[in-house]
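Student: Next one to model:
(one chain, ligands or ions: 1)
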Amino acid sequence: MNQIRLNKYISECGIASRRKADELIEQGRVVVNGKTVREMGMKINPSVDNIIVDGQSLRIENKVYFLLNKPKGFVTTTKDDKKRLTVIELIKTNKKIFPVGRLDFNTTGVLLLTNDGEFSNLITHPSNKVPRIYKVKIDRPISEEHRSKMMSGLTLDRKKSKFESIEFIKESNHVWLRVTAMEGRNHFVKNMFQALGYNVLELEREKFDGFTVDNLKYGEYRKITKDELKKFYETYA
Ligand code: URA
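Tutor: Sure, this is the predicted structure:
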């Protein structure tokens, strides 16, 4: 990056408007390479100059957003103590991304990854009730009684927990189900079934809010578009 005006740089880092950045400079709260700066028109080079505002180092971090079709056999973390493969290794980027929420080691399907903490908080915050749709295979056909119990609510970790819907993928086969959950506690789907004595054998997240894997194969990913983000923010922000 070339030279850029100091006030423009401060505002691009997202901490203040251009005018507010001028005020910060005037008030002597901005330090460039160890020296307090009060000169309004100063230009800096963000790649080499060290800018500190109110004691905090600044850096423009371009936000990136990916949608991965997670394959089995990958952990949803940035690092793994047991040296297993992580989902981060599937994405080519020089940005410090992290997964949004979590899918289990052998769960497949929609996984978002980003370096935008605010986006991640927004989409995972329980109060936003963002729908997640899962395709599930359980170890025996579900009874009608249990199906309605999971939709009216049961107690998990002392919290009322439920699925919004449970459909049969095939009417003739009650072990393959499609369930909708509005929350993303760890192992939520497995724990819901486990609570009534069923084991989950296969789990795939088909949809998270409006995001689906479409024609991505396992392990493939794409960037989320500006329009998709705009739509998301119109719904939840
Ligand atoms: N619920 C689970 O139990 N596991 C997942 O991976 C996702 C939701």
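
Student: and this protein, which of its residues are near the ligand?
Tutor: With C-beta under 6 Å from any ligand atom as the criterion, the chain comes near the ligand at residues L103, D104, T107, H187, F188, V189, K190, L203. No exception for glycine: its C-beta is placed from N, CA and C like everyone else's.

Student: and which of these is nearest to D116?
Tutor: Each of those was scored against D116 by C-beta to C-beta, and L103 proved nearest at 19.0 Å.

Student: Please pick the buried ones from the residues of the chain next to the ligand.
Tutor: Neighbour counting with 16 or more other C-beta atoms under 10 Å marks L103, D104, T107, F188, V189, K190, L203 as buried within the residues of the chain next to the ligand.

Student: quick check, distance from stretch 190-201 to the centre of its chain.
Tutor: Stretch 190-201 has its average C-alpha position 25 Å from the chain's average C-alpha position, going by C-alpha atoms, centre = their mean, to the nearest Å.

Student: and L122, that one's in a helix?
Tutor: Yes: according to DSSP: H, G, I helix; E, B strand; the rest coil, L122 belongs to a helix.

Student: Please renumber the chain so that the first residue is 783 from this point on.
Tutor: Got it, first residue is 783 now, which makes that one L904.

Student: so what secondary structure elements neighbour the one helix or strand E927 maps to?
Tutor: Counting by DSSP states H and E, the element that carries E927 is helix 926-934. Using 3 or more C-beta pairs under 8 Å, 6 or more residues apart in numbering; DSSP states H and E as the contact criterion, the secondary-structure elements in contact with helix 926-934 are strand 947-952.

Student: which residues are contacting the strand it packs on?
Tutor: Where contact means C-beta atoms under 8 Å, 6 or more residues apart in numbering, the residues beyond strand 947-952 that reach it are K917, I924, R929, M932, M933, H956, W958, L959, R960, V961, T962.

Student: Ramachandran angles for K989?
Tutor: phi -150, psi 140 (degrees, to the nearest 10).

Student: Now do the same for the residue nearest to it when sequence neighbours are not counted: its pLDDT.
Tutor: Of all residues beyond its chain neighbours, the one nearest K989 is I915 (4.0 Å), with distances taken as C-beta to C-beta, 6 or more residues apart in numbering. At I915, the pLDDT value in this model is 98.
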